[in-house]
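Peer 1: Everything below, folded, please.
(one chain, ligands or ions: 1)
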Amino acid sequence: MALTTDLGRRPQLREVAGIPLQATTVDNWSQIQNFEAKPDDLLICTYPKSGTTWIQEIVDMIEQNGDMEKCQRAIIQHRHPFIEWARPPHPSVLRWFLLAYFKGVEKARAMPSPRTLRTHLPTQLLPPSFWKNNCKFLYVARNAKDCMVSYYHFQRMNQMLPDPGTWEEYFETFVSGKVCWGSWYDHVKGWWEIKDRYQMLFLHYEDIKKDPKHEIQKVMQFMGRNLNETILDKIVQETSFEKMKENPMTNRSAVPTSILDQSISPFMRKGTVGDWKNHFTVAQNERFDKIYRKKMEGTSIDFCMEL
Ligand SMILES: Nc1ncnc2c1ncn2[C@@H]1O[C@H](COP(=O)(O)OS(=O)(=O)O)[C@@H](OP(=O)(O)O)[C@H]1O
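Peer 2: Sure, this is the predicted structure:
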């Protein structure tokens, strides 16, 4: 797949303990590391492109008892630093704290409890106070091949990340973990391996896709909420890909094209399982599987790849 490259203009990544991160994250690293979690915090943890926005929407709707309006008000109230992009009273805002930017940390500090926060950090870089306070963690994993495809298109359109180059070039970048937030394999393994030691619900994107009601029920129970069947059905409906693609609260249409150029690739792109089959050549697939087996050796995690 040929692409125009604009390497001169795109920011490059920097590293913290060998993990490539955006410069804004690295510049504010001490504030991030010293972030004080609270025992009743819920932290949504994901590798990028694994369904972060989706699970955030599900959690929001559960918190607001399925009331879409309240949900939107809550988002506006707890503004993401990127809110500057959406001129009030325009309700189109991004979801809140990635715990990656200084302002995100400040805003998280100011949030009333109980807080729902989110991060793409791998376990080894998480602020230690989350472990110390025995917080709840909600991890969503997505199969590596679809993640890679989604990340590739995201890097094409996200002007704040390095240009991905060609698909062939990106294949190498991804498997060597040289993408923002580091290696998919290490991230997923890292969170999977500690899941029984903490209060953690570990979900798979593919399972939510297959049976959203069942998976949303799990989230509800994990959050200690008990919503009736009508509300549950409403949450399933409102968090479908089709609805979220149309919803300005979730489709990031408020973000200027100088940041996310959705004419290159939409943020809500396809939302399917198995799109990797439209991208991987047979040779790439064989090579990927070989690398995958080696990197994931010894772990019990199993991914539905709808092969
Ligand atoms: N409701 C719903 N159903 C199914 N799939 C969904 C949904 N919402 C978001 N998505 C898809 O998730 C991908 C984006 O992942 P993230 O939200 O984790 O991206 S980010 O890391 O926060 O930038 C991206 O995947 P791709 O379409 O494969 O690129 C989104 O389309």
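
Peer 1: Tell me who's in contact with residue 264.
Peer 2: For residue 264, the contact set (Cβ atoms under 8 Å, 6 or more residues apart in numbering) comprises 156, 157. From N, CA and C alone the C-beta is placed, and that goes for glycine too.

Peer 1: Surely it is in a helix?
Peer 2: No: membership of residue 264 in a helix is not supported by DSSP: H, G, I helix; E, B strand; the rest coil, which gives coil.

Peer 1: how close does it sit to the ligand?
Peer 2: 12 Å (Cβ to the nearest ligand atom, to the nearest Å).

Peer 1: What spatial separation is found between that residue and residue 225?
Peer 2: As judged by Cβ to Cβ, to the nearest Å, residue 264 and residue 225 stand 39 Å apart.

Peer 1: Ok, residue 170 next?
Peer 2: The gap separating residue 170 from residue 225 is 40 Å, by Cβ to Cβ.

Peer 1: Which one's more surrounded, these two?
Peer 2: Shown here are residue 170 and residue 225; by other Cβ atoms under 10 Å, residue 170 has more neighbours (24 against 13).

Peer 1: so what's that one up against?
Peer 2: By Cβ under 8 Å, 6+ apart, the contact set of residue 170 is 148, 152, 155, 164.

Peer 1: The second one against residue 162, yeah?
Peer 2: No: in this structure, residue 152 is not within contact of residue 162 by Cβ atoms under 8 Å, at 11.8 Å.

Peer 1: So between the two, which is more surrounded?
Peer 2: Neighbour count, other Cβ under 10 Å: between residue 152 and residue 162, residue 152 has more, with 24 against 19.

Peer 1: For the helix or strand containing that one, give the mean pLDDT please.
Peer 2: Per DSSP states H and E: residue 152 is located in helix 144-157. Across helix 144-157, pLDDT averages out at 98.

Peer 1: Okay, now the unreliable bits of the stretch 1-150 of the chain?
Peer 2: The model of the stretch 1-150 of the chain has pLDDT under 70 over residues 1-8, 70-103.

Peer 1: can you pull out the helices in it?
Peer 2: Remark: helices assigned in the stretch 1-150 of the chain by DSSP state H, counting those that start in this stretch are 23-27, 29-33, 52-63, 68-77, 102-110, 129-132, 144-157.

Peer 1: Report the secondary structure state of residue 243.
Peer 2: Classified using three-state DSSP, residue 243 is helix.

Peer 1: For the ligand, see how far away it is.
Peer 2: Using Cβ to the nearest ligand atom, residue 243 is found at 7 Å from the ligand.

Peer 1: Kindly report the residues of the chain close to the ligand.
Peer 2: Selection of the chain residues close to the ligand by Cβ under 6 Å from any ligand atom yields 46, 48-54, 146, 150, 153-154, 239-241, 244, 268-271, 275.

Peer 1: The same query, at a cut-off of 5 Å, please.
Peer 2: Proximity of the chain to the ligand (Cβ under 5 Å from any ligand atom) is limited to residues 48-54, 150, 241, 244, 268-271.

Peer 1: Any of the residues you listed buried? List them.
Peer 2: Among those, the ones that count as buried by 16 or more other Cβ atoms under 10 Å are 48-54, 150, 244, 268-271.

Peer 1: how about the helices in the stretch 201-307 of the chain?
Peer 2: 205-210, 212-222, 229-238, 241-246, 282-295.

Peer 1: want to throw the ones you listed into TSV with mean pLDDT?
Peer 2: Output for these, formatted as TSV (pLDDT from 0 to 100):
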stretch	mean pLDDT
helix 205-210	97
helix 212-222	98
helix 229-238	96
helix 241-246	96
helix 282-295	96
